[in-house]
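Asks: Predicted coordinates and the sequence they were generated for:
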6 protein chains.
Amino acid sequence: MPKLSHVDGKGKARMVDVGRKKPTRREAIAVGTVTLSRDAFDLVRRNQVAKGDVLAIAQVAGIQAAKRTWELVPLCHPLPLDGIDVKLDLDAGRCLVMIQASVRTRAATGVEMEALTAVAVAGLTVYDMVKAVDRAALIGGIRLIAKRGGKSGYSASS
Amino acid sequence: MPKLSHVDGKGKARMVDVGRKKPTRREAIAVGTVTLSRDAFDLVRRNQVAKGDVLAIAQVAGIQAAKRTWELVPLCHPLPLDGIDVKLDLDAGRCLVMIQASVRTRAATGVEMEALTAVAVAGLTVYDMVKAVDRAALIGGIRLIAKRGGKSGYSASS
Amino acid sequence: MPKLSHVDGKGKARMVDVGRKKPTRREAIAVGTVTLSRDAFDLVRRNQVAKGDVLAIAQVAGIQAAKRTWELVPLCHPLPLDGIDVKLDLDAGRCLVMIQASVRTRAATGVEMEALTAVAVAGLTVYDMVKAVDRAALIGGIRLIAKRGGKSGYSASS
Amino acid sequence: MPKLSHVDGKGKARMVDVGRKKPTRREAIAVGTVTLSRDAFDLVRRNQVAKGDVLAIAQVAGIQAAKRTWELVPLCHPLPLDGIDVKLDLDAGRCLVMIQASVRTRAATGVEMEALTAVAVAGLTVYDMVKAVDRAALIGGIRLIAKRGGKSGYSASS
Amino acid sequence: MPKLSHVDGKGKARMVDVGRKKPTRREAIAVGTVTLSRDAFDLVRRNQVAKGDVLAIAQVAGIQAAKRTWELVPLCHPLPLDGIDVKLDLDAGRCLVMIQASVRTRAATGVEMEALTAVAVAGLTVYDMVKAVDRAALIGGIRLIAKRGGKSGYSASS
Amino acid sequence: MPKLSHVDGKGKARMVDVGRKKPTRREAIAVGTVTLSRDAFDLVRRNQVAKGDVLAIAQVAGIQAAKRTWELVPLCHPLPLDGIDVKLDLDAGRCLVMIQASVRTRAATGVEMEALTAVAVAGLTVYDMVKAVDRAALIGGIRLIAKRGGKSGYSASS
């Protein structure tokens, strides 16, 4: 029967000990979206067409947040990271900002939380920049789409 | 015509100057969800029934993240905060962890980003604790549901 | 009957809301000690006599930690601070480093935790510098000795 | 004759260079206590009996602080950590909250400061939650009780 | 005779207490430069002409650093900030990136350090992006050019 | 033709992936200066002669900042560090505080930015302590003077 890795037999929290695991090459890829009103979306798109900074700032915020995951998520391990990519694309049909983050490490534990944190904070940063014109923006669909390395090896989901 | 408050006429980023705004009492309430598999949901529920720590840790992580919003979201102002509430509830029918955060301040700018950040990081913390048993968990529906104070006064959305 | 201010009726954690309290002038003074072996104490004293940096570094670490109290103690409010003093003195008779911190603010809540955090981190910093020569050093006696401002007005204990 | 590792020949501060030391498996265990009034102790115990959050929050605060030791203690090295355990127990006879933290790493330097920092910040967090009902709480007895790995191998003290 | 405000009569460090000063509107403007090789300068300029991200990232890094000044500079006060502007311009004749930062607050102490920190960190970020192609880049000329508010009122220097 | 390592083919920011590079022993040495008025310089010198704390605090601030480089410079990697030295010397003839920082690691990427950040923040800290008596202080000359390890091996510049 499966168990929550972060709680002990009494339901108390614990950090998983990774001291018996060897450092291996690992990667995790996460995605998420910010759904905007048509007006807000058009402003972001116009900024992008004019090569403005909106998406660049959200991208940088996502990269920086990935590095601070262990400060934000209490039971995460501090990890060295080899690389972080954060990408934001616009889907004009659905008024979506689509965010994807991939994080790579050589460590004894995975970087799923780092990739998800990058997506979440990039999304929050987009929200911050449109909130004055769109009170109904929504951040969603934050999930892992691929993971490489570690016990479970490669896996991808759509 | 509406404009993005955080970019100047050339599309370059800027922090909004709030120096001409008076500090007023403000509140923002945000919500979000973590969708779990039935198995993962049952583990969280059982932990909760046994008064385990899973939701308590996520709540604390949300409170702490609200205080660090200005470090995470590049164009946010550092603000004193009067109160932060983060609440997590379980919806067994839909296998959802429902998160709600409300943040209050007396400041020259609002606390929407603080409430949204609390929700996002509480959601990431739940994800972290179930990720070993649920590879398809999803964080979503992060949005503002009410805002009080500031120029636009009270407003609530469902 | 007294209650814990940081838990609700169900025992769940909460941050106290200070939104109805007016900012007032407040101060808190805390103390603590690091007990050293005679050898370690003599090294610290000799460093001090030679106007070395050991106590200066611990003092600075204490000042910096006071400013970060709200990051460390989950239910503390982020506060502006007016002044922080940290002082370290040597008690040769008892081989003690005596630490005292006072913190001042104009805010809606007190700065006891800031003063106590300054003392604790100054003590940890002293410990760090002597640990190679004293495996039995002990940090203790961390407590509040005076508090001014707020509901309860002035009070001092010895 | 012993010397302070963190000061040079002139008494000036320095960070110890660990570049010639190989990473090895290391562990450190530290303890400390918070002494409460009978009333405050009973409130904490009742919260615990009701499976409330007081000790869980202090535990999480301790885990998070261990990870940030290098930010707090100026001459500490930033380290990857394999595992952190923080445990709080109640001693009703003496009205004590007893805190124990163990930290494990594979690194070129030890984790004594990480274990001690976890204890100190867990203690501060307990203090924060009782301070409204107990003005005389005291954090003390913070010391190392065991250390494994590194030059000096295993050792334990009581 | 003038004295160092941050040391006491014995030469020991102290944080200036601003508790007797009223919050007033204050601004500080600082500048600095990064001197590049012709090759590196041309790469930055071309990136800028192509509306790439180099200067946008340095700008954001500067804004974020201003908010963290009190964490970096030990005796600085934590302050609420009303606005931060960071601007980077290219001087092709001299192969310079020119950085200017202005910071505004309503507080009991000035924001010179915040403006200077923004300039320094924006400069470090430019350096980071060109360092692979220019081993001789130089960050310099970091100084205050104007200050408004506080005891000394308006002043500007060139 | 040389390229900026931190931007992709479209000028967009990216973090360099170091996952294919082996950890090697690396060192970087950076320098910088703070130019003071004669009066301010004399105050610092007198403090130093009296073995006061001014330069010790700046030294500690530099060491601490080196450890936080990856938080400040957005595209830097989080790295374990083996050692950090920061040294401040006085040049009475030119009224200069001369700062030198060397940083050592065993990692897949270099520590130039860590050494430069240490110098910059030590310089800001000196500035902070003299700013009340010297409105025209200037931080400058921040540059790398030597680098060892990594692809390019040893190199030094004057």
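Replies: Received the coordinates, thanks. As the structure is a computational prediction, the values presented were derived from the model and not from experiment.
Asks: Please confirm that residue A:76 is located within a helix.
Replies: No - assigned with DSSP: H, G, I helix; E, B strand; the rest coil, residue A:76 falls outside any helix and is coil.
Asks: can you tell me which residues contact it?
Replies: Neighbour list for residue A:76: A:69, A:70, A:113, B:128 [criterion: Cβ atoms under 8 Å, 6 or more residues apart in numbering or on different chains]. For the C-beta atoms, the positions are set from N, CA and C on the backbone; glycine is no exception.
Asks: So for the strand or helix carrying the second one, mean pLDDT?
Replies: Using DSSP states H and E, residue A:70 falls within helix A:69-72. The predicted model assigns helix A:69-72 a mean pLDDT of 98.
Asks: Surely residue A:15 is in contact with residue A:77?
Replies: Yes - using Cβ atoms under 8 Å, residue A:15 is in contact with residue A:77, at 7.2 Å.
Asks: Is the longest helix out of those in chain A in proximity to chain E?
Replies: Once chain A is assigned using DSSP state H, the helix that runs over the most residues is helix A:112-130. No - residues of helix A:112-130 contacting chain E under Cβ under 8 Å from any Cβ of the partner chain: none, with a closest distance of 9.8 Å.
Asks: mind saving the C-alpha coords of that helix as PDB?
Replies: The C-alpha trace of helix A:112-130 is given here as PDB (Å, rounded to 0.1, in the frame of the first residue of the first chain):
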ATOM      1  CA  GLU A 112      10.200  18.200  -9.900                       C
ATOM      2  CA  MET A 113       9.500  20.800  -7.300                       C
ATOM      3  CA  GLU A 114      12.000  23.100  -8.800                       C
ATOM      4  CA  ALA A 115      10.300  22.900 -12.200                       C
ATOM      5  CA  LEU A 116       6.900  23.400 -10.700                       C
ATOM      6  CA  THR A 117       8.000  26.300  -8.600                       C
ATOM      7  CA  ALA A 118       9.500  28.000 -11.600                       C
ATOM      8  CA  VAL A 119       6.200  27.700 -13.500                       C
ATOM      9  CA  ALA A 120       4.100  28.900 -10.500                       C
ATOM     10  CA  VAL A 121       6.300  32.000  -9.900                       C
ATOM     11  CA  ALA A 122       6.500  32.900 -13.600                       C
ATOM     12  CA  GLY A 123       2.700  32.700 -13.700                       C
ATOM     13  CA  LEU A 124       2.400  34.900 -10.600                       C
ATOM     14  CA  THR A 125       4.700  37.400 -12.300                       C
ATOM     15  CA  VAL A 126       2.500  37.500 -15.400                       C
ATOM     16  CA  TYR A 127      -0.500  37.900 -13.200                       C
ATOM     17  CA  ASP A 128       1.200  40.800 -11.400                       C
ATOM     18  CA  MET A 129       1.700  42.700 -14.600                       C
ATOM     19  CA  VAL A 130      -1.800  42.300 -15.900                       C
END
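Asks: does any part of that helix sit near chain B?
Replies: Yes - residues of helix A:112-130 contacting chain B under Cβ under 8 Å from any Cβ: A:112-113, A:116-117, A:120-121, A:123-125, A:127-130.
Asks: ditto for stretch A:12-27
Replies: Yes - counting by Cβ under 8 Å from any Cβ, chain B has neighbours in stretch A:12-27: A:12, A:13.
Asks: before we move on, the earlier item: can you tell me what sits against whichever helix or strand comes after the helix holding residue A:70?
Replies: Under the assignment DSSP H and E, the closest C-terminal helix or strand after helix A:69-72 is strand A:83-91. Contacts of strand A:83-91 with the rest of the structure, by Cβ under 8 Å, 6+ apart, involve A:41, A:44-45, A:48, A:55, A:58-59, A:62-63, A:66-67, A:96-104, A:114, A:118-119, A:122, A:126, F:14-19.
Asks: Need the contact partners of stretch A:7-25.
Replies: Outside stretch A:7-25, the residues that reach it (Cβ under 8 Å, 6+ apart) are A:5-6, A:74-75, A:77, A:104-109, A:148-150, B:47, B:50-54, B:56-57, B:129, D:25, D:56, D:59-60, D:63, D:82-85, D:104, D:106, F:19.
Asks: Spit out the contact partners of the spatially closest residue to residue A:72 that is not a sequence neighbour.
Replies: Once flanking residues are discounted, residue A:72 sits nearest to residue B:121: 5.3 Å by Cβ to Cβ, 6 or more residues apart in numbering or on different chains. Applying Cβ under 8 Å, 6+ apart, we find residue B:121 in contact with A:72, A:73, A:120, B:61, B:62, B:64, B:65.
Asks: All the strands of chain A, residue numbers only.
Replies: Secondary structure of chain A (DSSP state E): strands located at A:24-35, A:83-91, A:96-107, A:138-148, A:155-156.
Asks: between these, which one is nearest to residue D:33?
Replies: Each of the strands of chain A has some distance to residue D:33 by Cβ to Cβ; the shortest is strand A:96-107, at 35.1 Å.
Asks: quick one on the thing from earlier: okay, the helix holding residue A:70 in CSV with CA atoms only?
Replies: Extracted C-alpha coordinates of helix A:69-72, given in CSV (Å, rounded to 0.1, in the frame of the first residue of the first chain):
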residue,chain,number,x,y,z
THR,A,69,12.5,26.1,-4.1
TRP,A,70,14.1,24.7,-0.9
GLU,A,71,13.4,28.0,0.9
LEU,A,72,9.7,27.9,-0.1
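Asks: my read: residue A:78 touches residue D:82, true?
Replies: No - using Cβ under 8 Å, residue A:78 is not in contact with residue D:82, being 10.3 Å away.
Asks: more crowded one of the two?
Replies: Between residue A:78 and residue D:82, residue D:82 has the larger neighbour count (other Cβ atoms under 10 Å in any protein chain shown), namely 24 against 20.
Asks: Can you find the residue of chain A that comes nearest to chain F?
Replies: residue A:83 (3.3 Å; Cβ to the nearest Cβ).
Asks: Look at residue A:80 and say how many residues are nearby.
Replies: 21.
Asks: The closest residue to it other than its chain neighbours and residue F:21: what is the separation?
Replies: Sequence neighbours aside, residue F:78 is the residue nearest to residue A:80 in space, at 5.9 Å (criterion: Cβ to Cβ, 6+ apart). According to Cβ to Cβ, to the nearest Å, residue F:78 stands 15 Å off from residue F:21.
Asks: looking at it, residue A:148 is touching residue A:102, isn't it?
Replies: No - assessed by Cβ under 8 Å, residue A:148 is found out of contact with residue A:102, at 9.7 Å.
Asks: Could you tell me which residues touch both of the two?
Replies: With Cβ under 8 Å, 6+ apart, residue A:148 and residue A:102 have common neighbours A:27, A:28.
Asks: Of the two, which one has the most company?
Replies: residue A:102 (23 against 19).
Asks: got a list of what the spatially closest residue to the more buried one that is not a sequence neighbour touches?
Replies: With Cβ to Cβ, 6+ apart as the criterion, residue A:102 has its nearest non-adjacent residue at 4.4 Å, and that residue is residue A:29. Contact analysis of residue A:29 by Cβ under 8 Å, 6+ apart lists A:100, A:101, A:102, A:115, A:144, A:145, A:146, A:147.
Asks: likewise residue A:47?
Replies: Shown in contact with residue A:47 (Cβ under 8 Å, 6+ apart): A:53, A:54, A:55, B:4, B:7, B:11.
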